[in-house]
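In: kindly return the folded structure for what I paste below:
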Amino acid sequence: MGWLIDLLPLPYTDAVVVIGAAVLGIAAGVLGALAVLPRRSLVGDALAHSALPGVAIAFLVTGAKDPASLLVGAGIAGLIGALMMVGIERTSRIRPDAAIGVVLSSFFSLGIVLLTYISSTGNSEQAGLETYLFGQAAGLLERDVAVMAGLAAGAIACVAIGFRPLKASIFDRAFAASIGLRVRVVELASTALLVVAIVIGLRSVGAILMVAMLIVPTVAARQLTNRLSRLLPLAGLIGGAVGAVGALASARAEVPTGPVIVLTGTVVVLAAVLLAPGRGVVWQAARRRGERRTARSSGVLIDLETALHAGPPPTPSELAMASARPARDVRRGLRDLGRAGLLEHDGDRVRLSESGAAAAHTALEGRRLWSAWLEHGWRLDPGDAREPDPRDLRGSLGDDLVERLIAMDGGARP
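Out: Okay, here's the model as predicted:
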């Protein structure tokens, strides 16, 4: 670990904190997916709060603030909390969310009571136990980071080895059970891995904020990929980057590390939700705007074709009156069609160019085919799960089905 610390151009203490936060982010990113993807994110919150009384009991038993024994106590308490959640859920009528709430509140309350009792005993060794509640990354030592790295490496290796059963149980529990997987055992194993992640992060961000470290990297990575094999390493990279950047920012601003790491992760999630290619809010808004623009231009194109068959080329105002569309939409549609080279102008009157006439014919064909599908499509049997696309019925159904649909509609081609 020393060689890695020496590589960073930072003071020793800051380098240790940055590496520790990065290790935490990587572990929480990979392991947090086991809770986020099955929609059990609050399990991580309950486990984090369940670890607190384990820390207090370990201190009462050992009488010393030894990090190793305290983390062992936290891990045992977290596993007990996990078993209690599963037991309450399986053996009673209480819903999973209520079981999580029961365990979270009871264990956390017990932890607060025990910490209060320990502080009243006057034992000088108890100073600093509250850091397991709020986190204190600045107190990390090199040996602490080494232990964190070892636990993280072991947990991630377990995920890699059990990738297939974990994947099956996350996305389709019924299928996993049908192929002989012991789903409950897999779920307990994934919960145990979450406990490992929480044990790694208690010293850095504390029991209260640990749930954010489990959720944030996976939420950000989920905006960028649909494949679990890519999501897990991507979540680890995002978590590591968030931890390192947050630790650096907190060191420069001289503010608590845990909250800054969580705020950094929040910024990353917001950026991913807004800007992720193909899925972000901005991307989706632009796509919908483009679809509305295309639909408007297609409607104006068909209206112009109809008007030209009924009389001389219309003006934009006459076309708006004939089509019953708002004049603003007609002007915008004509502008887009003109930019595409589909219009010709004769003074203030407009007509279709040769390519515009072909485009209008294609649009009318698509409209008529869709009307035929709505009327006769139920009689077709595509033999598979193909879904018709109103924007391209021929491309989505295929020529054979479209020809059969035309025949059902009387054989009249547009």
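
In: mind telling me what element the residue nearest to residue 187 when sequence neighbours are not counted is part of?
Out: Residue nearest to residue 187 in three dimensions, not counting chain neighbours: residue 169, with 6.3 Å by CB to CB, 6 or more residues apart in numbering. C-betas here are computed from N, CA, C, even on glycine. Per DSSP states H and E, residue 169 falls inside helix 163-171.

In: who are the packing partners of that helix?
Out: helix 173-178, helix 183-222, helix 228-253 (3 or more CB pairs under 8 Å, 6 or more residues apart in numbering; DSSP states H and E).

In: ok, the residue nearest to residue 187 - contacts?
Out: Residue 169 sits next to 38, 176, 181, 183, 186-187, 190 when contact means CB atoms under 8 Å, 6 or more residues apart in numbering.

In: rerun that using 6 Å as the cut-off
Out: Shown in contact with residue 169 (CB atoms under 6 Å, 6 or more residues apart in numbering): 176, 183, 186.

In: check what pLDDT the second one gets.
Out: It stands for residue 183. As predicted, residue 183 sits at a pLDDT of 85.

In: the first one too?
Out: pLDDT, residue 176: 85.

In: and the nearest residue to residue 382 once chain neighbours are set aside, what helix or strand is that in?
Out: Once flanking residues are discounted, residue 382 sits nearest to residue 401: 5.9 Å by CB to CB, 6+ apart. Under the criterion of DSSP H and E, residue 401 resides in helix 399-408.

In: which strands and helices sit next to that helix?
Out: Packed against helix 399-408, as judged by 3 or more CB pairs under 6 Å, 6 or more residues apart in numbering; DSSP states H and E, are no other helices or strands.

In: again, only using 7 Å
Out: The helices and strands touching helix 399-408, judged by 3 or more CB pairs under 7 Å, 6 or more residues apart in numbering; DSSP states H and E, are helix 354-376.

In: what's the local residue count around the closest residue to residue 346 other than its chain neighbours?
Out: In space, and not counting its chain neighbours, residue 346 is closest to residue 313: 6.0 Å by CB to CB, 6+ apart. Counted with other CB atoms under 10 Å, the neighbours of residue 313 add up to 19.

In: still on that earlier bit, quick check: the residue nearest to residue 382 vs residue 60, distance?
Out: 74 Å (CB to CB, to the nearest Å).

In: those two: which is more packed in?
Out: Higher neighbour count among residue 401 and residue 60: residue 401, with 20 against 15, using other CB under 10 Å.

In: isn't the more buried one right up against residue 380?
Out: Yes - using CB atoms under 7 Å, residue 401 makes contact with residue 380 at a distance of 5.8 Å.

In: just the helices and strands packed on helix 163-171: most buried one?
Out: Mean neighbour count (mean count of other CB atoms under 10 Å) peaks for helix 183-222 among these, with a mean of 24.

In: just to revisit the earlier point, run the angle between the helix holding residue 169 and helix 183-222 for me.
Out: If you take axes from the mean of the first three to the mean of the last three CA atoms, to 10 degrees, helix 163-171 sits at 80 degrees to helix 183-222.

In: in helix 163-171, what counts as buried?
Out: Neighbour-count burial for helix 163-171 flags 165-170 (criterion: 16 or more other CB atoms under 10 Å).

In: got the CA positions of it in CSV?
Out: The C-alpha coordinates for helix 163-171 follow below in CSV (Å, rounded to 0.1, in the frame of the first residue of the first chain):
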residue,chain,number,x,y,z
PHE,A,163,-21.9,-13.8,-11.5
ARG,A,164,-24.4,-16.2,-13.3
PRO,A,165,-26.5,-17.2,-10.3
LEU,A,166,-26.5,-13.7,-9.0
LYS,A,167,-27.6,-12.4,-12.4
ALA,A,168,-30.4,-15.0,-12.6
SER,A,169,-31.7,-14.3,-9.1
ILE,A,170,-31.5,-10.5,-9.5
PHE,A,171,-33.6,-10.3,-12.7
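
In: I'd like the average pLDDT over it.
Out: If you average the pLDDT values across helix 163-171, you get 90.

In: got it, and stretch 343-359?
Out: 90.

In: for the helix or strand that contains residue 47, name the packing helices and strands.
Out: Applying DSSP H and E as the criterion places residue 47 in helix 41-62. When contacts are defined as 3+ CB pairs under 7 Å, 6+ apart, helix 41-62 packs onto helix 12-36, helix 67-91, helix 96-120, helix 131-134, helix 183-222.

In: and for the third one, what are the contacting residues?
Out: If you take CB atoms under 7 Å, 6 or more residues apart in numbering as the criterion, helix 96-120 is touched by 42-43, 45-46, 49-50, 52-53, 56-57, 59-60, 81, 84-85, 88-89, 126, 129-130.

In: mind running it again at 8 Å?
Out: Residues contacting helix 96-120 (CB under 8 Å, 6+ apart): 40, 42-43, 45-46, 49-50, 52-53, 55-57, 59-60, 77, 81, 84-85, 88-89, 92, 94, 126, 129-130, 133, 207.
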